[in-house]
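1. Turn this into a structure:
(chains A and B)
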Protein chains: 2
Amino acid sequence: MDRLSVNQRTVRSWGVRELADGCARHGIGAVGLWREPVAEFGLARAAKLTRDAGLRVSSLCRGGFFSRPGWLDDNRAAIDEAAALGAACLVLVVGGLPDNSKKLSAARDHMRDAIAQLEPYARDRAVRLALEPMHPMYCADRGVLSTLGQALDVAGEHPPGAVGVMIDTFHLWWDPEVETRIATAGRANRIAGFQVSDFLMPLPADVLLGRAMMGDGVVDFGPMCRAVSAAGYAGDVEVEIFNADVWAADPAGVLALLKDRYETLIANHLDQSFEMLR
Amino acid sequence: MDRLSVNQRTVRSWGVRELADGCARHGIGAVGLWREPVAEFGLARAAKLTRDAGLRVSSLCRGGFFSRPGWLDDNRAAIDEAAALGAACLVLVVGGLPDNSKKLSAARDHMRDAIAQLEPYARDRAVRLALEPMHPMYCADRGVLSTLGQALDVAGEHPPGAVGVMIDTFHLWWDPEVETRIATAGRANRIAGFQVSDFLMPLPADVLLGRAMMGDGVVDFGPMCRAVSAAGYAGDVEVEIFNADVWAADPAGVLALLKDRYETLIANHLDQSFEMLR
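-> Just a heads-up that it's a prediction; the model follows:
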């Protein structure tokens, strides 16, 4: 259970303190934090609280959105916050098409430029940027970074310690090349984080809420988990779920269920791979 | 306008005769037919009617759905119908995960086997199978074939005249490798057809109706159209739209609008590429 991390958005009604307390009660070793509730609680207080509770911060969500005005200052602030929290990475949701534009290729060029502009600032503060390839249904409005292969291409322009990739089962499960690319990412030391959640079918009317508790969707977790493990990733496994039913449920119950599903659907594949590697 | 083809589902309230009459009135050179309305009208009658009207049949929709019981007989029937209609290809929507299964990798293996089983039957009848990679949001329920690269891999196991790929802007616009793969497909003589429609944002509650009239969504048609043209494809350009508003509109008006959008958003890119090639 020590590698398990709970992303704050999974238990959305909890603030930083409730999350830290809940994880401590359940023996969960890490949390993924979001900038808004951290700001609400106070950055320094949140850093001290997680440190005192012995919790790792597996990620800070999120920077990116390079198509929005003010993106540079906002991302620098996010990097400062990630540094203060000692987060393993800052997740970058790179943003979609700018308003009224259909120039996907230009948006992708701008993404590369933006990352190149941010990278020295992040490196100076020892913050690792995690490029998150997103499901193609979000290409226009959330992220023009659509495959792990593409994310690795972009990351490859920078040192591995400064720019890695976030591997998320929800976004990547469909990709026929995902296992190959995970192996490549491992060899290149580019795996900055591993997020798990399921893919709901049918999709809800708001596709942003198409994530589900592991086991409640269509994802076959075994192959991806084994690939990530075989690629040498030994970091935190962060559960990030945006789902109306999960949000409506009692957060303490969500944590209990999440631990159970993690154990039966995720952890066994991670362990098996480590066995195989030994 | 001669390369323009109208897929029957775009003007869903029209039967085969209305479609043929509408295309004749508008100087449209080809139609994409669907098996159900063709069966309703009569296969032999539909074949004669399109032939007498001087219309090419750019595709028959659709075979595939290999996860359903009875798929083999049903696909053989579809091949016979495509042969009777003289269709340029039979579009294969390969199907999603079988009921209650999450074994994506097994479903993909089964797809390869199914195509290998069908291919000799299709070749004997001079019917070209068109593998259609589908948007990843349909991976679980419609098509485990998700990228053009994957479709080319599967097609590559068979002769190009027997198995090609359907390039559809709606399904493929987001793919960072789509232009490269289109070039590969052209070199390998694998482009069996080209379908155009736009990608609606935000997606409607039923994501199957996420297609839109060209210009009403987020797709940048230029790069893909130029790539298809540069790849040597000189066949029909078929407009296929599943969209509640388009279906509610007067079909004659839809045809007029579609011609206009084709001219301003599609045909100019095709022509330019041919100019460049000359």
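2. A:Glu18 is in contact with A:Pro251, isn't it?
-> Yes. The pair A:Glu18 / A:Pro251 is scored as a contact, 7.1 Å apart, by C-beta atoms under 8 Å. (Each C-beta comes from the backbone N, C-alpha and C, glycine too.)
3. Need the overlap of contacts for those two.
-> A:Val11 (C-beta atoms under 8 Å, 6 or more residues apart in numbering or on different chains).
4. These two - which one has more neighbours?
-> Remark: of A:Glu18 and A:Pro251, A:Pro251 carries more neighbours, 18 against 15, as counted by other C-beta atoms under 10 Å in any protein chain shown.
5. Show the pLDDT at A:Asn100.
-> Per-residue pLDDT puts A:Asn100 at 86.
6. does it sit in a helix, a strand or a coil?
-> Under DSSP: H, G, I helix; E, B strand; the rest coil, the three-state class of A:Asn100 is coil.
7. how close does it sit to B:Val218?
-> According to C-beta to C-beta, to the nearest Å, A:Asn100 and B:Val218 sit 10 Å apart.
8. Give the residue from the two that has the larger number of neighbours.
-> Counting neighbours by other C-beta under 10 Å for A:Asn100 and for B:Val218 shows that B:Val218 has the greater number, 19 against 5.
9. and the stretch 51-200 of chain A, which residues reach chain B?
-> Residues of the stretch 51-200 of chain A found near chain B (C-beta under 8 Å from any C-beta of the partner chain) are A:97, A:102-105, A:108, A:135-137, A:139-141, A:146-147, A:149-150, A:173-177, A:199.
10. Can you name the residues that contact A:Leu209?
-> Counting by C-beta under 8 Å, 6+ apart, A:Leu209 has contacts A:200, A:242-244.
11. re earlier: buried subset of the residues of the stretch 51-200 of chain A next to chain B?
-> Neighbour-count burial (16 or more other C-beta atoms under 10 Å in any protein chain shown) applied to these gives A:97, A:102, A:104, A:108, A:135-137, A:139-141, A:146-147, A:149-150, A:173-177, A:199.
12. contacts for whichever strand or helix holds A:Glu119?
-> Element membership of A:Glu119, judged by DSSP states H and E, is helix A:104-124. Outside of helix A:104-124, the residues within contact range by C-beta under 8 Å, 6+ apart are A:63, A:66-67, A:71-72, A:75-76, A:79, A:90, A:92, A:94-98, A:101, A:128-129, A:131, A:139, A:144-145, A:154, A:157-159, A:161-163, B:173-174, B:176, B:220, B:223.
13. Quick check: buried residues in that helix?
-> Neighbour counts over helix A:104-124 (16+ other C-beta under 10 Å) mark A:104, A:107-108, A:110-111, A:114-115, A:118-119, A:122-123 as buried.
14. Out of those, the closest to chain B would be?
-> Checking these against chain B by C-beta to the nearest C-beta gives A:Leu104 as the nearest, at 5.4 Å.
15. Are we agreed that A:Asp74 is in a helix?
-> Yes. Remark: A:Asp74 belongs to a helix, assigned using three-state DSSP.
16. quick one, what contacts it?
-> A:63, A:65, A:68.
17. Among these, which are located in helices?
-> Among the contacts of A:Asp74, no residue falls in helices (DSSP state H).
18. who wins for neighbours among those residues?
-> Busiest of these [other C-beta under 10 Å] is A:Gly63, holding 27 neighbours.
19. what's the host helix or strand of A:Lys48 packed up against?
-> According to DSSP H and E, A:Lys48 maps onto helix A:43-52. Applying 3 or more C-beta pairs under 8 Å, 6 or more residues apart in numbering or on different chains; DSSP states H and E, one finds that helix A:43-52 makes contact with helix A:16-26, strand A:30-34, helix A:71-85.
20. Using TSV, please lay out the contacts of A:Asp74 together with pLDDT.
-> Formatted as TSV, the contacts of A:Asp74 follow (pLDDT from 0 to 100):
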residue	pLDDT
A:Gly63	98
A:Phe65	98
A:Arg68	95
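21. one step back: next, the angle helix A:71-85 makes with the helix holding A:Lys48.
-> On the basis of axes from the mean of the first three to the mean of the last three C-alpha atoms, to 10 degrees, helix A:43-52 is oriented at 40 degrees to helix A:71-85.
22. which residues touch helix A:43-52?
-> So helix A:43-52 is contacted by A:16-17, A:20, A:31, A:33, A:38, A:41, A:56-57, A:81, A:84-86 (C-beta under 8 Å, 6+ apart).
23. Report the buried residues of it.
-> Result for helix A:43-52 [16+ other C-beta under 10 Å]: buried residues A:46-47, A:49-50.
24. Against B:Asp113, how distant is the nearest residue to A:Leu208 once chain neighbours are set aside?
-> Take A:Leu208 and drop its neighbours on the chain: the residue closest to it by C-beta to C-beta, 6 or more residues apart in numbering or on different chains is A:Phe242, 6.2 Å away. Look at A:Phe242 and B:Asp113: by C-beta to C-beta, they are 37 Å apart.
25. next one: A:Trp174
-> Counting by C-beta to C-beta - A:Trp174 and B:Asp113 are separated by 20 Å.
26. likewise A:Ala44?
-> 60 Å.
27. and if you look at A:Arg45?
-> For A:Arg45, the distance to B:Asp113 - C-beta to C-beta - is 59 Å.
28. Same question for A:Tyr262.
-> Counting by C-beta to C-beta - A:Tyr262 and B:Asp113 are separated by 35 Å.
29. where does chain A have low pLDDT?
-> In the predicted model of chain A, residues A:271-278 satisfy pLDDT under 70.
30. need the strands for it, in chain order.
-> A:4-7, A:30-34, A:56-64, A:90-93, A:129-131, A:163-168, A:191-196, A:198-199, A:211-212, A:237-239 (DSSP state E).
31. Determine which stretch of the ones you listed is the most buried.
-> When the strands of chain A are scored by mean count of other C-beta atoms under 10 Å in any protein chain shown, the highest mean neighbour count falls to strand A:129-131 (a mean of 29).
32. who does it touch, helix- and strand-wise?
-> Using 3+ C-beta pairs under 8 Å, 6+ apart: strand A:129-131 touches strand A:90-93, helix A:104-124, helix A:148-155, strand A:163-168, strand A:191-196.
33. can I have the last one written out in CSV, keeping just the CAs?
-> Listed in CSV are the C-alpha atoms of strand A:191-196, where the atom choice follows Å, rounded to 0.1, in the frame of the first residue of the first chain:
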residue,chain,number,x,y,z
ILE,A,191,8.5,8.2,-16.5
ALA,A,192,7.7,11.1,-14.2
GLY,A,193,4.5,9.5,-12.8
PHE,A,194,1.8,6.9,-13.1
GLN,A,195,-1.8,7.7,-12.7
VAL,A,196,-4.6,5.1,-12.7
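34. Does anything pack onto it? Which helices or strands?
-> strand A:56-64, strand A:129-131, strand A:163-168, helix A:169-172, helix A:221-230, strand A:237-239.
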